[in-house]
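Student: everything below, folded, please.
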Amino acid sequence: MPTTDLTRPAEPPPGWIDHLAVRIVEDPLRVRHGHPISSEYVETFWLSHLGPSAICLLRLFDRTTRHQPDHQATIPIPELGTILGTPGGSGRNSTIWRRLDRLVRFGAARWDTVDQTRLSVWSHLDTVPRRLQQRWPDWLVEAHVQAISDRQAG
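Tutor: Model (predicted):
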């Protein structure tokens, strides 16, 4: 009969990261043409693509780094999951890492290091691409057209 050792190892497994360095990056083109990560636009129109937990991460990163030197902070990864109320641990297959990966895949952030210990988050997100808008219900498409028109008029 196989046995399983349920004791915790004395040291973290290789590749395990307990802190994440996050910095907010301002790109002049994104600032000029994009939408602040704390904006209603991001919450309304990026929500269906990034998901609510990833949107909360963006806002948390924005608030956490806003008054820090160089707009960066180091955040314990286990605490990120707790803050977001997402279940699971902080290993590479955890909910928190899937949310971070989602931010990167959709262009809201980028990894600055191969070992994924430093994350740059854009201060502004682009307008949602048309290919993603095709998934939206008609009322959201109409609201988006109106939001873009209001922004161009203002």
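
Student: for the worst-scoring helix or strand of the chain on mean pLDDT, what is the distance to the chain centroid?
Tutor: Of all helical and strand segments in the chain, the minimum by mean pLDDT, DSSP states H and E falls on helix 77-84, at a mean of 83. Helix 77-84 sits 13 Å away from the centroid of its parent chain (Cα atoms, centre = their mean, to the nearest Å).

Student: name the single longest strand found in the chain.
Tutor: strand 19-25 (DSSP state E).

Student: pLDDT weak spots in the chain?
Tutor: With pLDDT under 70 as the threshold, the chain has low-confidence stretches at 1-16, 87-92.

Student: one more time with 50
Tutor: Applying pLDDT under 50 to the chain flags residues 1-15.

Student: show residues contacting the longest helix seen in the chain.
Tutor: Longest helix in the chain, counting residues (DSSP state H): helix 138-153. By Cβ atoms under 8 Å, 6 or more residues apart in numbering, the surrounding residues in contact with helix 138-153 are 41, 44-45, 48, 127-128, 133, 136. The C-beta positions use only the backbone N, C-alpha and C, and glycine is treated the same way.

Student: which members of the residues you listed are positioned in strands?
Tutor: Per DSSP E, strands hold no members of the contacts of helix 138-153.

Student: give me the buried entries from the residues you listed.
Tutor: Buried residues within those, counting neighbours by 16 or more other Cβ atoms under 10 Å: 41, 44-45, 127-128, 133, 136.

Student: those residues into a markdown table, with extra columns for distance to N93?
Tutor: A markdown table is the format used below for those (distance: Cβ to Cβ, whole Å):
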| residue | distance to N93 |
| --- | --- |
| Y41 | 32 |
| T44 | 30 |
| F45 | 29 |
| T127 | 32 |
| V128 | 28 |
| Q133 | 31 |
| W136 | 30 |
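
Student: pull out the buried positions in the helix or strand that the longest strand of the chain is followed by.
Tutor: Following strand 19-25 in sequence order, the next helix or strand is helix 28-33 (DSSP states H and E). Neighbour-count burial for helix 28-33, counted by 16+ other Cβ under 10 Å, picks out R30.

Student: outside of helix 28-33, which residues touch it?
Tutor: Contacts to helix 28-33, defined as Cβ under 8 Å, 6+ apart, come from residues 122-127.
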